[in-house]
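Novice: Got a predicted model here, sequence first, then my questions.
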Amino acid sequence: MTLVYTEYNDGQFTKKTLEALSYAQAFSDKVIALTINVADPTPLARYGVTKIVKVTAPELSSFQAKPFAELLSQVAQREQVSLVVLPSSANTRYLAPMLAVSWQAAYLSNVSSLPKDGQVQKVIFSSKAISWVPLAPKQVITLAGNTVEIKEAPAQAVVEQYTPCLPKERIKHLGTEKFTSKISIDDAAIVVSGGRGMQTPDNWHLVEDLADALGAATACTKPVSDMGWRPHSEHIGQTGKPLACELYIALGVSGAIQHIAGVNASKVKVVINSDPEAPFFVNRLTAMSMAARCSGRKTMGAGTFCVFSSGERQVRPSLAAAMAFFTVSKSVSYHSVPK
């Protein structure tokens, strides 16, 4: 049996939770879902869930890794499961390793494939390489973002109320300051971000206008959030929210190594910058040229990294929108080398 930890935001289960449920179907026909403070968890039955463990606890109204890990450990032992699957999110990066210690299980992060011959594929080195790792008898898995197709598999789910026995938490939660945007970065298929190359916060409407036109989420780099131009909830990269979307568009982002590492899992990346020496251009063009020589191909196909350099000082939304259209439609797959 497989236990899946679910995340519920703004009145619905997150897209990555549905990916985790679809992934669990490959391991077992008995999938158990754990919900926390969800009034009606029955929609999960559409995704192959045969049992729902429903927990209602006021002390778990805000996320804290230690009590959540203890709860998951108790449910895993009670249900006698051999595998716990967690969706990819900022919270599960802290929760999963603590669960592995509490439950005394092996832990694999960034898993990107279904099991094959008792092994799974894991993304390593900031999504630059993969490794096949054997599964342990007791295993905790967190998925890499955007790697599993969501599949509906309607089932008859039994809902069971569970009251956990949790130690008193010594950390007191005072409150949460939540930034609400039109589209969540965690669930967005397209993300448009801006860096210091936008020059001033007054130019940020360019990022927002393009995001509105594409139905995308907005994001920013660490320096932008540190300067107060944008809230920290929009900070993406290795030190912020990891990104694994279908299309990532970077406006005025130079491409520090921490930023590239955090967005590398995105399938297609479009970079627009007036500086031809920006790390995004130099590092990626070198890697793409080497790959093209080795493969003997002129285009990189799926997962292309498109980079554009312009002498203009201001990014035009029309240019970015045109590039986004070509990239999404996959009618064009290329990169342009700054002269």
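Specialist: Thanks, I have it.

Novice: any idea how far Asp226 is from His232?
Specialist: As judged by Cβ to Cβ, to the nearest Å, Asp226 and His232 stand 8 Å apart. The way it works is simple: take the backbone N, C-alpha and C, and place the C-beta from them, glycine included.

Novice: contacting residues around the closest residue to Pro134 other than its chain neighbours?
Specialist: Spatially, and ignoring its direct neighbours in sequence, Pro134 is nearest to Gln119 (5.2 Å; Cβ to Cβ, 6 or more residues apart in numbering). Neighbouring residues of Gln119 by Cβ atoms under 8 Å, 6 or more residues apart in numbering: Trp132, Val133, Pro134, Leu135.

Novice: about what we covered before: Asp226 and His232: who's more crowded?
Specialist: More neighbours surround His232 than the other of Asp226 and His232, with 15 against 12 (other Cβ atoms under 10 Å).

Novice: Ala153 against Ala26, yeah?
Specialist: No: checked against Cβ atoms under 8 Å, the pair Ala153 and Ala26 is beyond contact range at 10.8 Å.

Novice: end-to-end on stretch 132-149?
Specialist: With Cα to Cα, to the nearest Å as the measure, stretch 132-149 spans 20 Å from end to end.

Novice: Over to stretch 205-223?
Specialist: 18 Å.

Novice: Could you grab the helix/strand/coil label for Gly197?
Specialist: Secondary structure, DSSP: H, G, I helix; E, B strand; the rest coil: Gly197 is helix.

Novice: Can you tell me how far it is from Cys245?
Specialist: The gap separating Gly197 from Cys245 is 21 Å, by Cβ to Cβ.

Novice: For Leu243, see how far away the nearest residue in space to Phe63 that is not next to it in sequence is.
Specialist: Of all residues not flanking Phe63 in the chain, Asn91 sits nearest, at 5.2 Å (Cβ to Cβ, 6+ apart). As judged by Cβ to Cβ, Asn91 and Leu243 stand 16 Å apart.

Novice: Between these two, point out the one with more neighbours.
Specialist: Neighbour count, other Cβ under 10 Å: between Asn91 and Leu243, Leu243 has more, with 24 against 16.

Novice: Mind jotting down where the helices sit in the stretch 151-300 of the chain?
Specialist: Secondary structure of the stretch 151-300 of the chain (DSSP state H, counting those that start in this stretch): helices at 205-214, 222-226, 257-263, 279-295.

Novice: Which strands and helices lie in contact with the first one?
Specialist: Applying 3 or more Cβ pairs under 8 Å, 6 or more residues apart in numbering; DSSP states H and E, we find helix 205-214 packed against strand 190-194, strand 217-220, strand 247-251, helix 317-329.

Novice: So what touches the second one?
Specialist: Contacting residues not belonging to strand 217-220 are listed as 181-185, 188, 190-195, 207-208, 211, 229-230, 234-236, 241, 243 [Cβ under 8 Å, 6+ apart].

Novice: Could you give me the ChimeraX syntax to select whichever of the residues you listed are buried?
Specialist: Selecting only the buried entries of the contacts of strand 217-220 in ChimeraX, with 16 or more other Cβ atoms under 10 Å as the criterion:
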select :183,185,188,190,191,192,193,194,195,207,208,211,229,230,234,235,236,241,243
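
Novice: Mean confidence (pLDDT) on stretch 31-49, please.
Specialist: Across stretch 31-49, pLDDT averages out at 93.

Novice: any idea how far it is from the chain center?
Specialist: Mean-position distance between stretch 31-49 and its chain equals 21 Å (Cα atoms, centre = their mean, to the nearest Å).

Novice: can you list contacts of it?
Specialist: Against stretch 31-49 from outside (Cβ under 8 Å, 6+ apart): 1-6, 8, 13, 18, 21-22, 24-25, 29, 50-57, 60-61, 68, 71-72, 75, 79, 81, 150-157, 159.

Novice: and what of stretch 225-238?
Specialist: Contacts for stretch 225-238 (Cβ under 8 Å, 6+ apart): 126, 178-179, 181, 185, 191, 193-194, 196, 198, 201, 204, 218-222, 224, 240-243, 256, 258-259, 261-263.

Novice: what's the most centrally placed residue in the chain sitting at in phi/psi?
Specialist: The residue lying closest to the centre of the chain (Cα atoms, centre = their mean) is Gly145, at 4.1 Å. Backbone dihedrals for Gly145, given as degrees, to the nearest 10, come out at phi -70, psi 150.

Novice: ok, now how distant is the closest residue to it other than its chain neighbours from Leu34?
Specialist: Once flanking residues are discounted, Gly145 sits nearest to Ala244: 2.8 Å by Cβ to Cβ, 6+ apart. With distances taken as Cβ to Cβ, Ala244 is found 23 Å from Leu34.

Novice: Next: Leu99.
Specialist: Leu99 is 11 Å from Leu34, by Cβ to Cβ.

Novice: Now the common contact residues for those two.
Specialist: Going by Cβ under 8 Å, 6+ apart, residues that sit against Leu99 and also against Leu34 are Leu72.

Novice: Touching stretch 97-117 from outside, list them.
Specialist: With Cβ under 8 Å, 6+ apart as the test, stretch 97-117 has contacts from 23, 26-27, 65-66, 69-70, 72-73, 76-77, 84, 86, 88, 93, 96, 120-124, 127, 130, 132-133, 135-136, 138-144, 147.
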